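Novice: Return atomic coordinates for the entry below.
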Amino acid sequence: MKIKVIHGPNLNMLGVREPNIYGPMKLEDINTNMENFAKQNGFEIEFFQSNHEGDIVDAIQESVTDGTGGIIINPAALTHTSIAIRDALAAVKLPAIEVHISNTAAREEFRQKSLISSVVAGTITGFGPFSYHLGLIAMIQILNELKQAQAAQAAQGQPQ
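Specialist: Next comes the predicted model:
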């Protein structure tokens, strides 16, 4: 099963952009760490990054037909403004986890409200790049539980 990781605007600048807030780790390093952990646990992982809201919406919508089982998303600044990303996540009906490197609740007032949180299984914030790893652990757990439930239904002859 595949997990799609969607990185929003400016995350391609990790390691350069405000290292006092986001740390020195580059996005490529985060992706590599996640890929290794996903493989160790029998999951395929796909990464997508865009600075454009519509491209992120497209990536979410494509998840319905490309074999994605769950989405980990850091919408970055679009967390606070994008009804379109929120609606796309709600529409695809896939398990999703919202992650943020910084603790958004401890930041500027405009960063404290997420439009995304109400349509995801959970939100992980404030653990630096490790937020992504925690999100991946949670997604693997969710997907494994879904597989077990589907297997139990199939064993009982119930439609899935």
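Novice: Find the least confident helix or strand in this structure, judged by mean pLDDT.
Specialist: helix 19-22 (a mean of 73; mean pLDDT, DSSP states H and E).
Novice: any idea how far that helix is from the chain center?
Specialist: 20 Å (C-alpha atoms, centre = their mean, to the nearest Å).
Novice: same thing with stretch 2-21?
Specialist: Centroid separation for stretch 2-21 versus its chain: 12 Å, with C-alpha atoms, centre = their mean.
Novice: need the strands for the chain, in chain order.
Specialist: For the chain, the strands defined by DSSP state E occupy 2-7, 44-49, 68-74, 96-100, 122-125.
Novice: Kindly reformat these as TSV containing mean pLDDT.
Specialist: Formatted as TSV, the strands of the chain follow (pLDDT from 0 to 100):
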stretch	mean pLDDT
strand 2-7	98
strand 44-49	98
strand 68-74	98
strand 96-100	98
strand 122-125	96
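Novice: Identify whichever of these lies nearest to I142.
Specialist: Taking C-beta to C-beta, strand 68-74 is the member of those nearest to I142, at 6.2 Å. Quick note: C-beta positions are derived from backbone N, CA and C, even for glycine.
Novice: and the residue sitting nearest the centre point of the chain, how far is that from V16?
Specialist: The centroid of the chain falls nearest to I72 when counting by C-alpha atoms, centre = their mean (1.4 Å). Distance of I72 to V16, given as C-beta to C-beta, to the nearest Å: 23 Å.
Novice: Over to L136?
Specialist: 24 Å.
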